[in-house]
Every structure is written in structure tokens, then in C-alpha cells.
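Engineer: I'd like to go over a predicted model; first the sequence, then the structure.
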Amino acid sequence: MLDAAPFTLDAKIPDGPLAEKWQKHRASVKLVSPANRRKYTILVVGSGLAGASAAATLGGLGYRVLCFCYQDSPRRAHSIAAQGGINAAKNYQNDGDSVRRLFHDTIKGGDFRAREANVHRLAEVSNLIIDHCVATGVPFAREYGGMLDNRSFGGTQVSRTFYAQGQTGQQLLLGAYSQLNQQIAAGTVTMHNRTELLDVVIARGVDGEGHAKGIVTRNLVTGKVEAFSGDAVVLATGGYSNVFYLSTNAIGCNVTATWRAHKRGAGFANPCFTQIHPTCIPMHGADQSKLTLMSESLRNDGRIWVPKNVRDCEKDPRDIPEQDRDYYLERKYPSFGNLAPRDIASRAAKQVCDEGRGVGPAVDGERRGVYLDFTESGDRLGVDKIADRYGNLFAMYRSITDENAYARPMRIYPAAHYTMGGLWVDYNLMSTVPGLFVIGEANFSDHGANRLGASALMQGLADGYFILPSTICDYLARVGAGAPETSSPDFAAVRHDVEGRVDRLMSGRGKRTARQFHKTLGRIMWDQCGMSRNSNGLRSALTRIPELREEFWSDLLMTGDADCMNAELERAGRVADFLEFGELMCRDALERDESCGGHFREEHQTPDGEAVRDDANFAHVAVWAHRGEGAEPARLVEPLAYEEVAMATRSYK
């Protein structure tokens, strides 16, 4: 199978000591002079934290940038939903933090399945992000004396998370958005709102290789299909958790951009590495369209528990005495307690609910909820202090559940959240397709098998502000300026494919909507490839998903027209891609015959339910290559070697 892969993997990790790799690499890459940068056009797809910061920075450097988003404004990117904070190794609390400790925590948190050099670079850059964001006016919380405040997140024993109450992502995005607007006004960035990427154009370069030189899009207001040409393409399009249908992601989040790039030659790495977030409002019914995240920051001051006795689960939690409560995270993981990493905390919640000790209204005959209780911290700190730290989260919880979390414990349960898998990239953030760069959640590189809290914002801004602008110039300088005409045969062929796909979707005259198919797929994925997986379930999914895909194309009900606004067409295209991607995700989960981080294979666990890794056979990145419609994908591996951190059994006890 490896011999049939259309590409080879070269991570291009620099030589030398780990702590010196990034600075030496920055000093050795080829540069584009300021006078020549205006000759280059860079297409940035996505305008969340990674995309907006990259577009603004590249525009500020003098490149000509076209930035695309399917929302009506970059301000509506899903990055606003990252509420709790952003990590950096400033050690403002003088509690022993350092770049090395942040690096070590991130490697360990990812269960030793991340690339060491990339993670160390992320830790190095983290401090620059805070300084930059403060300079751009991001209103981080401050202590009484004016110093920036910090709080803790799961998987760490220091306070390194900078925050803006419970809306950190929104404030960071507004900061990046203001810089993006500055470049739009300066004429270096052209914004294309309400525009969705439907395919990537690969054109033959002077070296005979295929290079990413453009994209084909659909205007979501007019329906117009257009092509855009550039010297490089940057994907900053987020993750794919909506493959589960119900997730914490915005409804519009999808896999289309990265999946279409994959089918054009970009390797897809570790697609089975998805994160289940432990702190979400529980599902309340079969007809809801998404789940709502309660920030992990709440676990700083809230204590998580369930009744010890099943008979108490229907009681008002305030009537259950202390001795009849099971603070199960504190009991199982005394060193970290309620701040155990997300994957571990999520599985622990599932275990107590599987035992019948879940709380809240039953959905499909099961109580799937645990309590997050602020009674003790409210008594100790005062309600005003709790409101100052988390007030908007408590208000959001009340608006959704009609419950007052100041007076009665919140109910939470794990839900699909972040995705650690994504397109494979080398140290320069370039995919296996030359000229196609991938940043933020859309790539695989920094989080391994489980992302620690407050690291998503860190990676997005690190990639966009500091890493990509320092590495993309090397590629541009080597290939030179000269984007092809959109009338070329390469563009015409991709545009023809896109229009054919739209026509095929619009021909649907069946009985089921795209949403109905999506919901069915989501249930398969959650049941067989969700919080826990096993061989039989994954094999069942790999049989059921292709059948569902055939049903989709034969029984899809499509309404409206293609040459105007048509939300059903948007959804159908995204669901069609999820139906293909879901199969690869299950295949990857089946092949990875071990438990690690968020990938929990039931066959590989300790007697008390902890994950068991297999470093001898799976200490690698699994990278999948598309080999054509109907052909099995090829699986390549990038071995993971650790110079500075010894692989060890992950323990938070």
C-alpha cells in the first residue's frame, strides 16, 4: 500500500538542538524583498483567528492578499466560541512556568502523538502572542494592581491561561479583525465575504510538479461560481467535528475545504483524533441542531460530582448531602482533580453515567449529565467574584436551560468539540501539495491525540501572526511570482468539476433532506467512532457509511435554484463531503489499534478504564493519500521521535 502513495513525507524539521531549531530556521529561509512582495498574490481561505491574523500580517508585509470566508463578516468566524483563554509561558504567577514546561505539558497532554519540534516552537511563540495582542488592544483580565491575570486549565499545574472573562476568543478575533480591516483599507487585502471554497486548483509548475495556484468558489448570495488565481493558497478553515452532526461547532463548520484539498493530493493526517469536551450543556432532545460549550475555565472554581447512589439521581442536587456525593475526578486524579485533561475528564463522566448515576432529564431513556457545582466557591469567594469571572457563561447557561447556576449546580456532559487531525503539513506549514499551506485547526501538527485547553487560540495566532509569514516566503522566493490565468486549462477543468457537482446535487428529487442524512451519519459516527471505539463498531460503520452515501445520492431532496442564495445546496455539499470523510475517519480509527488521548479503543484499556498506548507500533503520524474515486486510500506514516521528552505512561493521579 505504501508504494502506491502519490507522495512521500518530508517534515523538513531543522537540525540542531530543539530549543534552537526555530530561530536558526527563520534565519536560513529564503526571503522576498519588500519591493518584490507586491508581485505575489496569496489566497487565504478562512478568516477566523488563524486566517484573519495571517491575512493581516501578510498584507502588512506587502503581499497582495485575497481573503475568503463563507460568513457575512470575519467577525462571525467560529473562533469566537473559544471562550476560556489562551496559554502562554509568561510565568506572571511565579508558580514555576516556563517555555519548557508549556512544551512538556502539551506533549504529555497530546499523549505523545504530536511532533516535538512543532510543539516546542508553539511554546516559544506563545509569549509573543500575548505581547502582540495587548498592543492591539485585546482587553485581557487584569489583577487589582494592573498586571495581566491568569487562571488554570486542564492538564497543567500552573496558571498560564490569559483570558477576557468568558469571551476570550471573541476579543482576540476582534483584535485580529481590526488589523485585517486596517489592511483592507490600505488596499493590501481584498475581502470576499459569503464566498465558499469548493475546490483547489493544482497547476503544473516549471519543476513539473503540481502546485496549488488557485481556488474555485461559489458566491453564497448570487450562486456565481468563480475562480481565483494566486501564487500560494493558505487554508485556515477549522475542524470537522460536525461530522458528528451534534457538536459544539457552529452549524456552518465543515470539512469541505480540507477534504477537497485532500482529493487533490494533500495528505490527511490522523483523522480519527477528535476531542470530546467535558464541559458542555447536555443534549436535551432529538431535534436540536447543535450543542453549547461551557468553558473549561469553569472547572477552576466548580467541583464536578454525581450522586453515589442511583436512587438519588432524581433528587434536587441541593438535597443530596455531602457524604452522598461522588467527586469522581478528585477521587480518581487527586493531583489534578477537576482540572484533569479533557479526554480523561470526558471518559470519567461517561463511566459514571454508564453506571446509571447520570443526572438531569432522561433523553432516549438515559440520564447523560453530571453536576458542575459552584456552591463552595461562591461561599468562599462571593457570588460577585464568580460573576466577574464567568458572568456571561452563567447568563448563557440560564438562557438555554432556564436554570440559575448560582443557586443550583450546572449540568454538563461531554460533546464533540475540537479536531486534532487535519491536513498533514511540514515544519513550514506546507502540505504535501507544494504551495498549499494549512494553518490553525485545519492542520494536524501541534496537539497530538488530545488538545489541552486554551491551546487552540494559541496555535491559530501563532500560525497566523508569527509562523506562516516567516516560512511562506521561502516557498515564494523559490518558485517566483507568476500566478496563472484563470482561463487556463487547469482552472477550466476544476471549474467544470465544481459545476458538475453542483448540478448533481441540484438534480436531487428524492424524499430526504441533507439534514436528515447528516443526522443519520452523525449518529453512526458518535456511536461507533465517538468517545469510545472498538473493532466491531468501526467495521460496522465502514459498511453502513458507504450504504448511506449511496442513499444520499439516490434519495436526496433538493429545493430552490443554484444561481441564487440556497442554504439547502450549501448544506448538501457539506454533507456529501462528510459522508466521504466519515469513512476515512473510521478507517483511521480501525487501523490505529491502540488507545491514546481522545482515541479510545475499548480493547486497549487498564482495568480501571485508562487508555493504553502501543508505542512500539503506533508512535507515528498516520497520513492518508487519496488514490482516486472508488480506490482504497494509501496509509503512510511519519515516525515520531522525542529528543527532549521521554515517552511515558500518562498519569494525572
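Structural biologist: That came through fine.

Engineer: surely L538 and L590 touch.
Structural biologist: Yes - using Cβ atoms under 8 Å, L538 is in contact with L590, at 4.2 Å. Glycine gets a C-beta too; all of them are placed from N, C-alpha and C.

Engineer: which other helices and strands contact the host helix or strand of E547?
Structural biologist: Secondary structure assigned from DSSP states H and E places E547 in helix 535-555. In terms of contact count using 3 or more Cβ pairs under 8 Å, 6 or more residues apart in numbering; DSSP states H and E, helix 535-555 is assigned the packing partners helix 514-529, helix 567-591.

Engineer: hey, what's T190 bridged with?
Structural biologist: On DSSP bridges, the residues paired with T190 through beta bridges are L66.

Engineer: please apply the same query to V44.
Structural biologist: In this entry, V44 is beta-bridged to C67, V234, by DSSP bridges.

Engineer: stretch 20-31: which residues count as buried?
Structural biologist: For stretch 20-31, the neighbour count (16 or more other Cβ atoms under 10 Å) marks 21-22, 25, 29 as buried.

Engineer: quick check: mean pLDDT across it?
Structural biologist: The average pLDDT for stretch 20-31 rounds to 97.

Engineer: centre of the chain to it, how far?
Structural biologist: Once both centres are worked out by Cα atoms, centre = their mean, to the nearest Å, stretch 20-31 turns out to sit 27 Å from its chain's centre.

Engineer: contacting residues around that stretch?
Structural biologist: Defining contact as Cβ atoms under 8 Å, 6 or more residues apart in numbering, one finds that stretch 20-31 is touched by 13-16, 117, 120-121, 124-125, 427-428, 470-471, 473-474, 477-478.

Engineer: output the buried residues of stretch 20-31 in TSV, with distance to A349 and secondary structure appended to each entry.
Structural biologist: As requested, those are arranged in TSV below (distance: Cβ to Cβ, whole Å; DSSP: H, G, I helix; E, B strand; the rest coil):
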residue	distance to A349	secondary structure
K21	39	helix
W22	38	helix
H25	42	helix
V29	45	coil
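
Engineer: just those now: which is nearest Q323?
Structural biologist: Here the nearest of the buried residues of stretch 20-31 to Q323, counting by Cβ to Cβ, is W22; it sits at 52.9 Å.

Engineer: how far away is the closest one from A269?
Structural biologist: As defined by Cβ to Cβ, to the nearest Å, W22 lies at a distance of 21 Å from A269.

Engineer: for L329, same thing?
Structural biologist: The value you get for L329 to A269, if Cβ to Cβ is used, is 31 Å.

Engineer: between the buried residues of stretch 20-31, which sits nearest S159?
Structural biologist: Nearest to S159 among these: W22, at 25.5 Å, using Cβ to Cβ.

Engineer: mind checking how far that closest one is from A648?
Structural biologist: From W22 over to A648 (counting by Cβ to Cβ), the distance is 25 Å.

Engineer: would you turn the helices and strands packed on helix 535-555 into TSV with mean pLDDT, distance to A493 and mean neighbour count?
Structural biologist: What follows is the helices and strands packed on helix 535-555, written out as TSV (pLDDT from 0 to 100; distance: least, Cβ to Cβ, whole Å; neighbours: other Cβ atoms under 10 Å):
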stretch	mean pLDDT	distance to A493	mean neighbour count
helix 514-529	97	27	20
helix 567-591	98	19	22
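
Engineer: between the ones you listed, which one is nearest to R260?
Structural biologist: Of all the helices and strands packed on helix 535-555, helix 567-591 sits nearest to R260, with 7.3 Å by Cβ to Cβ.

Engineer: quick check: mean pLDDT across the following helix or strand past the closest one?
Structural biologist: Helices and strands here follow DSSP H and E; after helix 567-591, the next one along the chain is helix 615-618. Helix 615-618 comes out with an average pLDDT of 98.
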